[in-house]
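Participant: Sequence and predicted model, in that order:
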Amino acid sequence: MFCPVCGKELETNARFCPECGATIIGSTPTPYVKETEKTVHAPKSPIPKQSSHPSRPSRSKQPHHHSHRKRRGLTIGLIIGMLLLAGGGIFGIVMAVNWGSIEGYNYYYYDNPTPSAVEAFQFDVDVADVDIGYNSSPTSHLIEIIYHYHASGGFLDGKSFEDIYEVTWENTSATVFFKSQFKWWTNWVFTDRSVISVILRSDIVYSIDGDVSTGDVDFTMLDNTNVSTFAVTDSTGDITLTIGNGTKFQESFSAAVSTGSITIYGDDIEFQKTFTVTASTGDIDITGELVRFKDDLYAETSTGTITFTFIKPEFSDKIELYASTGDIVVYVDEPEYNTAESLWIGDISTGSFTLGIKQSNPMGANITANIEASTGDIIIDMDIDLSIGAQFISSVGIGDYSYSNRGGFEILGSVFQTTTYPRTSNYEFSLSVSTGNIDVMGLCS
């Protein structure tokens, strides 16, 4: 006889296995189990009757491993969160206890008994509104800056202007330079409502170059003001120019904003060199009568609308208008041209291009216009004199084109033109949209 557990040969009628300790009852062995490794088995459930149809194998649920670790992580997270809340509360209390504000005025002057033909002024402002204007009465100062500082926030109790701002004032070199910046530790603990007023002398020609990080730029010009180069950039804020009659910009003009708008109002203005306005996220709005562009005009916005409204404007060689996501709206009444040939370019990605032209006087120039839209519409309304010819050639990918003859035009397939085209002076439009519609309304009388 052999032990059925370990296979040891046993004596006849043996009651225990000398090798593994199994108990032999009759001819049936009982396995030996160590007391330190007892295992409790659940009672067996009844075996269900098998169906005659094969059943899908059941997916056994995965055991939940390390649930105690998850609970421990949650507990640690709660403790850390409570500590952070407590720390934030303490920090907030410390800020409240040390809350303060400062307000006052600082003055900066630039004097030159023998002014240059063009005085160069440059400014660089971190956070503040900048108001620029001209003196209403004669003054000995070529430039006067009034810094109205007004700051409030945590940890400002007992602080002074010098503790918060770092100002550079260079008024002895060829270029007068003003710079105001926050000191590094104050960048996140207070609000600022400061205004920097710049007063220029009205009988001086200035070259102005400015940069503002956060704040608005507001420039008001008197009548008959002469300005040399103008270049102002604003990262977060608006640029607003109110220009007096008879103002002349002798050199290039540029205004640029990242997040904000550009607004220019004025009549009888002359831009003698290139004119450039750009906006990343914002609108460009220019309105005026007798606004003369002696050189190229360029306007671009990424997300926003370009709106030009001109009465009796004067244009030169080239007009370029671009909008990525937004509209371009141009209305011109009685335009004139200082060149025999002029090129108009309009390009929009997503939006519409709207152009209205009214011209009852001969213009003495040929205008070529290329207007394209990726996803959007092109809408043109033209009212011109019989002495002027106009032709529109349309191309549409997905969409349609429609022509409305109010008099003096004819439809020749995709071509819409005056019945007397061509003339000595002509508008020749090439219109193209990928997905959208083209609508042209024409009157020649």
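Facilitator: Looks like it came in fine.
Participant: which one's the longest strand in this protein?
Facilitator: strand 425-444 (DSSP state E).
Participant: From the contact counts, what lies against that strand?
Facilitator: In terms of contacts (3 or more CB pairs under 8 Å, 6 or more residues apart in numbering; DSSP states H and E), strand 425-444 is packed against strand 366-375, strand 378-384, strand 388-405, strand 409-412, strand 415-418. Just so you know, the C-beta spots here come from the backbone N, C-alpha and C atoms, and that holds for glycine as well.
Participant: relative to strand 388-405, how tilted is the second one?
Facilitator: Inter-element angle recorded for strand 378-384 and strand 388-405: 120 degrees (by axes from the mean of the first three to the mean of the last three CA atoms, to 10 degrees).
Participant: can you list contacts of strand 378-384?
Facilitator: 352-360, 371, 390, 392, 418, 427, 429, 431, 433, 436-445 (CB atoms under 8 Å, 6 or more residues apart in numbering).
Participant: low pLDDT regions in the chain?
Facilitator: The chain contains residues with pLDDT under 70 at 1-2, 4-5, 10, 12-16, 20-100, 154-155, 184-191.
Participant: Swap in 90 and give it another go.
Facilitator: Scanning the chain for pLDDT under 90 picks out 1-103, 113, 127, 136-140, 150-165, 181-193, 361-364.
Participant: returning to what we had before: ok, the longest strand of the chain: who's next to it in the sheet?
Facilitator: Here strand 425-444 has these sheet partners by DSSP bridges: strand 366-375 (parallel), strand 378-384 (parallel), strand 388-405 (parallel).
Participant: For residue 265, which of these is the nearest?
Facilitator: strand 378-384 (24.2 Å; CB to CB).
Participant: starting at the chain centroid, how far to the closest one?
Facilitator: The chain centroid and the centroid of strand 378-384 are separated by 31 Å under CA atoms, centre = their mean, to the nearest Å.
Participant: What are the buried residues along that strand?
Facilitator: 378-384 (16 or more other CB atoms under 10 Å).
Participant: what's the distance between the residue nearest the centre of the chain and residue 257?
Facilitator: Most central in the chain under CA atoms, centre = their mean is residue 281, positioned 3.3 Å from the mean C-alpha point. Distance of residue 281 to residue 257, computed by CB to CB, to the nearest Å: 8 Å.
Participant: what are the bridge partners for the nearest residue to residue 415 once chain neighbours are set aside, then?
Facilitator: Spatial nearest neighbour of residue 415, excluding adjacent residues (CB to CB, 6 or more residues apart in numbering): residue 393 at 5.5 Å. Beta-bridge partners recorded for residue 393 (DSSP bridges): residue 415, residue 430.
Participant: Now do the same contact list for residue 393.
Facilitator: Contacts of residue 393 by CB under 8 Å, 6+ apart are 414-415, 429-431.
Participant: Identify the farthest-apart pair in those residues.
Facilitator: Applying CB to CB across the contacts of residue 393, the maximum distance is between 414 and 429, 12.0 Å.
Participant: and those two? which has more neighbours close in?
Facilitator: Remark: of residue 414 and residue 429, residue 429 carries more neighbours, 25 against 14, as counted by other CB atoms under 10 Å.
Participant: residues contacting the more buried one?
Facilitator: Counting by CB under 8 Å, 6+ apart, residue 429 has contacts 369, 371, 380, 390-393.
Participant: Mind doing that once more with 7 Å?
Facilitator: 369, 371, 391-392 (CB atoms under 7 Å, 6 or more residues apart in numbering).
Participant: if I look at it, how far off is residue 437?
Facilitator: 15 Å.
Participant: Could you do residue 145 as well?
Facilitator: Separation of residue 145 from residue 437 (CB to CB) stands at 53 Å.
Participant: Looking only at neighbour counts, state which of those two leads.
Facilitator: More crowded of residue 145 and residue 437, by other CB under 10 Å: residue 145, with 23 against 18.
Participant: From what I see, residue 212 and residue 238 are in contact.
Facilitator: No: applying CB atoms under 7 Å, one finds residue 212 not in contact with residue 238, separated by 10.0 Å.
Participant: out of these two, which sits in the more crowded spot?
Facilitator: Set side by side, residue 212 and residue 238 show more neighbours around residue 212, with 25 against 19, by other CB under 10 Å.
Participant: Where does that one sit, in terms of helix or strand?
Facilitator: Assessed by DSSP states H and E, residue 212 sits inside strand 206-214.
Participant: Who are the packing partners of that strand?
Facilitator: Applying 3 or more CB pairs under 7 Å, 6 or more residues apart in numbering; DSSP states H and E, one finds that strand 206-214 contacts strand 119-127, strand 226-236.
Participant: Okay, now the sheet partners of it, with direction.
Facilitator: Assessed with DSSP bridges, strand 206-214 is paired to strand 119-127 (parallel), strand 226-236 (parallel).
Participant: Residues contacting that strand, please?
Facilitator: 118-127, 130, 200, 217, 227-237.
Participant: ok, now with 6 Å
Facilitator: Strand 206-214 is contacted from outside by 118-127, 130, 200, 228-236, using CB atoms under 6 Å, 6 or more residues apart in numbering.
Participant: mind saving the C-alpha coords of the helix or strand just after it as PDB?
Facilitator: Proceeding N to C from strand 206-214, the next assigned helix or strand is strand 217-220, under DSSP H and E. In PDB, the C-alpha atoms belonging to strand 217-220 read as follows (Å, rounded to 0.1, in the frame of the first residue of the first chain):
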ATOM      1  CA  VAL A 217      -2.600 105.200 -26.300                       C
ATOM      2  CA  ASP A 218      -4.600 108.300 -27.000                       C
ATOM      3  CA  PHE A 219      -3.100 111.000 -29.200                       C
ATOM      4  CA  THR A 220      -4.900 114.300 -29.900                       C
END
